[in-house]
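Participant: My questions are about this predicted structure, shown below with the sequence.
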Amino acid sequence: MKIILNIKLRNVQLKTILLWVLQILLALLFLAAGSGKFLAGEVWQQKFLDWGYPNNFYLVIGAVETIAAILLSIPKFTRYAVMLLVVVMLGAAMTHLFNNQAPELIRPGIFLVFLSTLIYFRKEKAA
């Protein structure tokens, strides 16, 4: 019995560690993506204009990505950060879809899978 409890405890600890690694990795990636929109502004501005978005909309997306990345590192706000980022990634996917950029759908798709995984297992932990 003690061995079974010990194995379960180790599985829970491993799961917790993996979730934190995923959460920190996502926070860093979205922080890079968000801040990149400010640092390489001309490139992003042109891309957003080509996609049909208003001037400087890339700054709004960059701010949302940056703020959500910071919120991802605060457990109390993880769920809200994930919801914000899911909306941004769905918007990115739709943008690429409507602009006939099918290969570009891979990146938001991967992020959506990781974000969904994170929120699913964090929700399970909170319940």
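Facilitator: Ah, there it is.
Participant: by contact count, what packs against the helix or strand harbouring residue 106?
Facilitator: Here residue 106 sits within helix 106-126, counting by DSSP states H and E. Where contact means 3 or more Cβ pairs under 8 Å, 6 or more residues apart in numbering; DSSP states H and E, helix 106-126 is packed against helix 2-39, helix 78-98. C-beta here means a position set from N, CA and C on the backbone, and glycine is covered the same way.
Participant: of all these, which lies closest to residue 117?
Facilitator: Judged by Cβ to Cβ, the one of the helices and strands packed on helix 106-126 that comes nearest to residue 117 is helix 2-39, at 6.9 Å.
Participant: Pull the distance from the closest one to the chain's centre.
Facilitator: 12 Å (Cα atoms, centre = their mean, to the nearest Å).
Participant: before we move on, the earlier item: most tightly packed of the helices and strands packed on helix 106-126?
Facilitator: helix 78-98 (a mean of 17; mean count of other Cβ atoms under 10 Å).
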